[in-house]
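Undergrad: okay, sequence plus prediction incoming.
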Amino acid sequence: MYTFYRCMVLNLITNCNTPVAASRYIGSVGTWLLQKQKYVVSVHRLAHFVHANASMARSVSKRCTSSSSNSHSTHVAMDANRVKRVSIEGNIAVGKSTFARLLQSAGEDWEVVPEPIGKWQSIDSGCSQTASNLLDMMYQDPQRWSYTFQTNSCMSRMRTQLQPPPERLLNAEGVAVQVFERSVYSDRYIFALNMFQLGCINSTEWAIYQDWHSFLVEQFGHQVELEGIIYLRAPPQKCMERLGRRGRMEEKQVQLDYLEKLHGQHEEWLIEKSTRLHFEHLTRVPILVLDAGMEFEKYLEVQATMITQVKEFFSKL
Ligand SMILES: Nc1ncnc2c1ncn2[C@@H]1O[C@H](COP(=O)(O)OP(=O)(O)OP(=O)(O)O)[C@@H](O)[C@H]1O
Ligand SMILES: Nc1nc(=O)c2ncn([C@H]3C[C@H](O)[C@@H](CO)O3)c2[nH]1
């Protein structure tokens, strides 16, 4: 069996010069094995094998496609696996976008990917002149629209997390990082869970949400895994003040009570670690907690301290 596995890896290296070819090859071998039943291979074991060799296959195919350059450093620099993926988590209006902009200007090897709020505010139904604002609909009638909102927000976050890193990051000299504003994990363990606990998502909807969420996260595997999380932490009262100052139209009926509940969800997941998680890798992701209660927007020295903490955190991922 070991010889067979070795043979499969060799074939991957020599014959598959694109990631698609590599994954097709792995799939076809799996099918062949199951049909012929020549070897007793459990799907589970094969999946393990595929997972363990997927990054190798990607590196190999990258090396093959960049074969015009013989330089070893080019091969290493072109490896997309080197790019770390980190999400910024935190309560509504805690300052994630503001902090993300600060990060974007501080590190040229970092790429910030904003939360796709514009998509939620403008859904083209295809049969009406005007687009629907699902964010507004969810805040206006959470019982009716929360489940629909979570399907849309999670799908758009999936797409965001699957975006390939830009060329600039692939060629970075330092630690290259893609920084996402929130993630498919906060979609489930902060917002959807909160809506379920508030009774805005019923138990049937919650079961369905969890089922497809787990399925998608498992299917995409390492592609949606995070290497780190930055938790911007501030008292809910502070977030309430900032939310009021920002004055986003859809949020005008958000109450302090709602922000307190969301704060509790963040604390349970990221500080107390009492939230029940369904993905093993997520339980091991390092978390950097930053005090976002400070008015860092105005104070350059506070910003500099935060950036130093982030750099140190990224360097250890
Ligand atoms: N550290 C800070 N000190 C003072 N004001 C801040 C700070 N960070 C952000 N703000 C202000 O608070 C408001 C909300 O900030 P921001 O939009 O960055 O929040 P967010 O966490 O991205 O919000 P959301 O959860 O809606 O995506 C903005 O008006 C911003 O200028
Ligand atoms: N219900 C719900 N589920 C989510 O996954 C989610 N993600 C963000 N939001 C709300 C918070 C801000 O108002 C606004 C911008 O972050 O959108 C969400 N609301």
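TA: The structure has been received and is ready for your questions. Ligands and ions are numbered 1, 2, ... in the order given.
Undergrad: element containing residue 135, please.
TA: Using DSSP states H and E, residue 135 falls within helix 134-140.
Undergrad: chain center to stretch 248-268, what's the gap?
TA: Offset of stretch 248-268 from its chain centre (Cα atoms, centre = their mean, to the nearest Å): 22 Å.
Undergrad: buried residues, the helix holding residue 135. List them.
TA: 134, 135, 136, 137, 138, 139 (16 or more other Cβ atoms under 10 Å). Backbone N, C-alpha and C define where each C-beta goes, glycine included.
Undergrad: list the contacts of the last one.
TA: I take that to be residue 139. Counting by Cβ atoms under 8 Å, 6 or more residues apart in numbering, residue 139 makes contact with 250, 251, 253, 254.
Undergrad: which positions in the helix or strand where residue 257 lies come out as buried?
TA: Using DSSP H and E, the element containing residue 257 is helix 256-266. Within helix 256-266, the residues that count as buried by 16+ other Cβ under 10 Å are 258, 259, 261, 262, 263, 264, 265, 266.
Undergrad: just give the nearest non-adjacent residue to the fourth one, would you?
TA: Pointing back at residue 262 there. residue 91 (5.2 Å; Cβ to Cβ, 6 or more residues apart in numbering).
Undergrad: wait, isn't the one you found in contact with residue 259?
TA: Yes. The pair residue 91 / residue 259 is scored as a contact, 5.8 Å apart, by Cβ atoms under 8 Å.
Undergrad: what touches both of the two?
TA: Listed contacts common to residue 91 and residue 259 are 236, 239; contacts here mean Cβ under 8 Å, 6+ apart.
Undergrad: if we can go back for a sec, which element is encountered next along the chain beyond the helix holding residue 257?
TA: helix 280-283.
Undergrad: now for residue 217, how many residues are close by?
TA: Per other Cβ atoms under 10 Å, the neighbour tally for residue 217 reads 22.
Undergrad: separation between it and ligand 1?
TA: Applying Cβ to the nearest ligand atom, to the nearest Å, the value for residue 217 to ligand 1 is 22 Å.
Undergrad: and the helix or strand that residue falls within, how far out from the chain middle?
TA: Secondary structure from DSSP H and E places residue 217 in helix 203-220. Helix 203-220 sits 16 Å away from the centroid of its parent chain (Cα atoms, centre = their mean).
Undergrad: list the helices and strands the helix holding residue 257 packs on?
TA: Helices and strands touching helix 256-266, by 3 or more Cβ pairs under 8 Å, 6 or more residues apart in numbering; DSSP states H and E, are helix 193-197, helix 236-246.
Undergrad: what's the neighbour count on the closest residue to ligand 1 within the stretch 101-250 of the chain?
TA: In the stretch 101-250 of the chain, no residue comes nearer to ligand 1 than residue 242, which is 3.3 Å away by Cβ to the nearest ligand atom. Counted with other Cβ under 10 Å, the neighbours of residue 242 add up to 18.
Undergrad: then the one 5 residues further on?
TA: Burial of residue 247, expressed as a neighbour count using other Cβ under 10 Å, amounts to 8.
Undergrad: from residue 90, how far out is it?
TA: From residue 247 over to residue 90 the distance is 19 Å, taken as Cβ to Cβ, to the nearest Å.
Undergrad: which among the buried residues of helix 134-140 are in contact with ligand 2?
TA: Filtering those for proximity to ligand 2 (criterion: Cβ under 6 Å from any ligand atom) leaves 135, 138.
Undergrad: what's the closest non-adjacent residue to residue 98?
TA: Excluding the flanking residues, the one nearest residue 98 by Cβ to Cβ, 6+ apart is residue 297, at 6.1 Å.
Undergrad: give the helix, strand or coil label for that neighbour.
TA: Following DSSP: H, G, I helix; E, B strand; the rest coil, the label given to residue 297 is coil.
Undergrad: shouldn't it be in contact with residue 101?
TA: No. Between residue 297 and residue 101 there is no contact under Cβ under 8 Å: 9.9 Å.
Undergrad: what's the closest non-adjacent residue to residue 157?
TA: residue 184 (4.8 Å).
Undergrad: let me fix that, I meant to ask about residue 174.
TA: Spatially, and ignoring its direct neighbours in sequence, residue 174 is nearest to residue 109 (4.6 Å; Cβ to Cβ, 6+ apart).
Undergrad: how about residue 279?
TA: Nearest to residue 279 is residue 217, by Cβ to Cβ, 6+ apart, at 6.0 Å.
Undergrad: for residue 122, same thing?
TA: Residue 122 sits nearest to residue 131 (Cβ to Cβ, 6+ apart), 4.2 Å away.
Undergrad: look up phi and psi at that neighbour.
TA: phi -80, psi 150 (degrees, to the nearest 10).
Undergrad: then residue 114?
TA: phi -70, psi 160.
Undergrad: now the nearest residue to it once chain neighbours are set aside: how far from ligand 2?
TA: Residue nearest to residue 114 in three dimensions, not counting chain neighbours: residue 181, with 5.2 Å by Cβ to Cβ, 6+ apart. According to Cβ to the nearest ligand atom, residue 181 and ligand 2 sit 8 Å apart.
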